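1. What follows is a protein structure lacking sequence information:
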């Protein structure tokens, strides 16, 4: 009996709504300690996915898309940490 290969998991960016493989995105997860970037994609908690584009991070933070996707209100500290990660993305793209 032949089995068909399993399709890779598809995810959607909460900012631009583009879909791609799970590994193409950065996962942001809501944990008991707050909201954080999950580069492994395996942390426990409610997750949302964002492209590696700075524009998507800015949109998600400014328009409250991450708040909605994670079903929480981002604290100022969470918002600052995520903005710093987005700034690091900008620097890595500029190199």
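-> The structure has been received and is ready for your questions. Only a predicted model underlies this, so the values are computations on that prediction, with no experimental measurement involved.

2. What ranges does this protein have for its strands?
-> 10-12, 19-21, 26-31, 34-38, 46-50 (DSSP state E).

3. To residue 63, which of those lies closest?
-> If you check each of the strands of the chain against residue 63 by Cβ to Cβ, strand 46-50 wins as the nearest, at 12.5 Å. Where you see a C-beta, it was placed from the backbone N, CA and C, and this is true even at glycine.

4. Residue 70 and residue 85: what is the separation?
-> As judged by Cβ to Cβ, to the nearest Å, residue 70 and residue 85 stand 15 Å apart.

5. Between these two, point out the one with more neighbours.
-> When neighbours are counted by other Cβ atoms under 10 Å, residue 70 comes out ahead of the other of residue 70 and residue 85, with 19 against 16.

6. Quick check: the more buried one touching residue 28?
-> Yes - contact criterion Cβ atoms under 8 Å: residue 70 and residue 28 qualify, at 7.1 Å.

7. which neighbours do the two share?
-> Residues touching both residue 70 and residue 28 (Cβ atoms under 8 Å, 6 or more residues apart in numbering) are 35, 47, 48.

8. Nearest to residue 15, out of those: which one, please.
-> Using Cβ to Cβ, the shared contacts of residue 70 and residue 28 come closest to residue 15 at residue 48, 9.6 Å.

9. Report the contact partners of that closest one.
-> Residue 48 neighbours (Cβ under 8 Å, 6+ apart): 14, 27, 28, 29, 60, 66, 69, 70.

10. before we move on, what about residue 89?
-> Residue 89 sits in contact with 52, 53, 54, 57, where contact means Cβ under 8 Å, 6+ apart.

11. Next, format these as CSV and append neighbour count.
-> Formatted as CSV, those follow (neighbours: other Cβ atoms under 10 Å):
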residue, neighbour count
52, 14
53, 17
54, 16
57, 24
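
12. what separates the closest residue to residue 8 other than its chain neighbours from residue 34, distance-wise?
-> Once flanking residues are discounted, residue 8 sits nearest to residue 21: 5.0 Å by Cβ to Cβ, 6 or more residues apart in numbering. According to Cβ to Cβ, residue 21 and residue 34 sit 27 Å apart.

13. Noted, bye for now.
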